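A.B. asks: A predicted structure for the sequence below; I have some questions about it.
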Amino acid sequence: MAIKTNLDLVNETDNFPYYEDGRENYTDFLSSYWEFHLQGWSKPLGYIPEWAVEKMPWGDLWELDTKKRTVKPGRLESVPSQEELIRATLEKARDSKVFEVLKGWRNELYPIFGPRNTIENIVSMERAGSALFGINSYGVHMTVYVQTEEGMKIWVPRRARNKQTYGGYLDNTVAGGVSTGEKPFECMIRESAEEASFPEDLVRSKAKVCGTVSYIHIRDKRAGGETGLFQPECQHVYDMEVPADVVPKPNDNEVEEFYLWTVEEVQKAMAEGQIKPNCALVLLDFFVRHGILTAENEPDYVEIVSRLHRKLPFPTS
């Protein structure tokens, strides 16, 4: 088993090339994607792999420009909105089994945000289709820990092995996607109840807002479904210290069990690749914040800290 360094963990998740590291490599990589646009906004709001453009059942209401390599809604006479057109197209793709990733259909909407000077939600999109369009997506991740006589210990869940994405991998204590119209902290309260049986009053009184972790991920086979999908993500991160008698318990079918591990045990699992890639980044951010990972014990400290907060390519909420 190859042991991964902390920088390896960052490179594994934030794995879209940086322009500064090589213009040709960046340009070549991006040339395999088409830009996703919406009417009324000139800049792209997502990147779609060329093979996905070729397979998607667009129909005649979309405008595909092969020269500019852009996709956007066109004539909308027969549908009420761009959102409805996106929904109908994804439903058609799902029903005809065009994409594996759509087998995980959630009936849950993710927002697409517009120009930065308005910061408004333009349209929403089915969560399972968001990676196909390469839009920014948002989540919440909370690390719950206990101070013991042996030092800090962290509650670590194991994802259900039958989950479509990263089945059986270790995760952050609580994590989930932020739906359209949902505030991050309210999402955290919901996910805390669903995944760990934490009562709302506990989370409201104990959870601390700790910023964000952001990256651009290109999906591999562990995520389930198609590989090569463009995924820019922003995770709102939280810490929650709890007393020893607070024990998380699975409350849905997404978590198998929880372990209470020392920092060293968590770091070992990370190095062995047992933890879901983006969750490893959230834990690295936690270790930096708590003085566990420092410039004195990590030679790649500056690179790691900067890479945990990548500027996302599309308008953000």
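C.D. replies: Sure thing, it's come through.
A.B. asks: quick one: the helices in the stretch 201-317 of the chain?
C.D. replies: In chain order, the stretch 201-317 of the chain shows helices spanning 263-271, 277-289, 301-307, with DSSP state H, counting those that start in this stretch as the criterion.
A.B. asks: winner for burial among those helices?
C.D. replies: Each of the helices of the stretch 201-317 of the chain was assessed for mean neighbour count using mean count of other C-beta atoms under 10 Å. The highest is helix 277-289, with a mean of 24. (C-beta placed from N, C-alpha, C; glycine too.)
A.B. asks: that older thread, can you redo the helices of the stretch 201-317 of the chain as TSV, where the extra columns are mean pLDDT?
C.D. replies: Below are those laid out as TSV (pLDDT from 0 to 100):
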stretch	mean pLDDT
helix 263-271	98
helix 277-289	98
helix 301-307	98
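A.B. asks: Leaving out chain neighbours, which residue sits closest to residue 311?
C.D. replies: Counting by C-beta to C-beta, 6 or more residues apart in numbering, residue 214 is the residue found nearest to residue 311 once chain neighbours are left out, at 7.6 Å.
A.B. asks: Contacts only, for residue 237.
C.D. replies: By C-beta atoms under 8 Å, 6 or more residues apart in numbering, the residues touching residue 237 are 140-143, 210-213, 282, 285-286.
A.B. asks: Give the PyMOL command for selecting the buried subset of the residues you listed.
C.D. replies: Under the burial definition 16 or more other C-beta atoms under 10 Å, those of the contacts of residue 237 that qualify are selected in PyMOL by:
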select buried, resi 140+141+142+143+210+212+213+282+285+286
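A.B. asks: Tell me the one of the contacts of residue 237 nearest residue 187?
C.D. replies: Of all the contacts of residue 237, the one sitting nearest residue 187 is residue 140; the distance, using C-beta to C-beta, is 5.0 Å.
A.B. asks: closest one to residue 242 among the helices of the stretch 201-317 of the chain?
C.D. replies: Of all the helices of the stretch 201-317 of the chain, the one in closest proximity to residue 242, counting by C-beta to C-beta, is helix 277-289 (14.7 Å).
A.B. asks: Please compute how far the closest one lies from its chain's middle.
C.D. replies: Its chain's average C-alpha position is 13 Å from that of helix 277-289, according to C-alpha atoms, centre = their mean, to the nearest Å.
A.B. asks: List of residues touching that helix?
C.D. replies: With C-beta under 8 Å, 6+ apart as the contact definition, helix 277-289 has outside contacts at 6, 9-10, 12-14, 141, 143, 154, 169-172, 175, 210-211, 213, 215, 217, 222, 233, 235, 237, 239, 263, 266-267, 270, 275, 292-294, 304-305, 308.
A.B. asks: Take the residues you listed and keep only those in strands.
C.D. replies: Judged by DSSP state E, the contacts of helix 277-289 include 141, 143, 154, 175, 210-211, 213, 215, 217, 233, 235, 237, 239 as members of strands.
A.B. asks: Let me see the ranges of the helices in the stretch 1-150 of the chain.
C.D. replies: 6-13, 23-30, 50-55, 82-95, 127-133.
A.B. asks: I figured residue 272 hits residue 1, correct?
C.D. replies: Yes: using C-beta atoms under 8 Å, residue 272 is in contact with residue 1, at 6.0 Å.
A.B. asks: Neighbour count: the two, which is higher?
C.D. replies: When neighbours are counted by other C-beta atoms under 10 Å, residue 272 and residue 1 differ, and residue 272 comes out ahead with 13 against 6.
A.B. asks: quick one on the thing from earlier: out of the helices of the stretch 1-150 of the chain, which gets the lowest mean score?
C.D. replies: Looking at the helices of the stretch 1-150 of the chain, the lowest mean pLDDT belongs to helix 23-30 (a mean of 91).
A.B. asks: between the contacts of residue 237, which is closest to residue 44?
C.D. replies: For these, the minimum distance to residue 44 (C-beta to C-beta) is 21.8 Å, reached by residue 212.
A.B. asks: I'd like the distance between the residue nearest the centre of the chain and residue 87.
C.D. replies: With distances taken as C-alpha atoms, centre = their mean, residue 233 lies nearest the centre of the chain, 4.5 Å away. Residue 233 is 22 Å from residue 87, where distance means C-beta to C-beta, to the nearest Å.
A.B. asks: And the helix or strand of the chain with the lowest mean pLDDT, what does it pack against?
C.D. replies: Ranked by mean pLDDT, DSSP states H and E, the weakest helix or strand in the chain is strand 121-126, scoring a mean of 84. For strand 121-126, the contact count by 3 or more C-beta pairs under 8 Å, 6 or more residues apart in numbering; DSSP states H and E identifies helix 82-95, strand 109-113 as packing neighbours.
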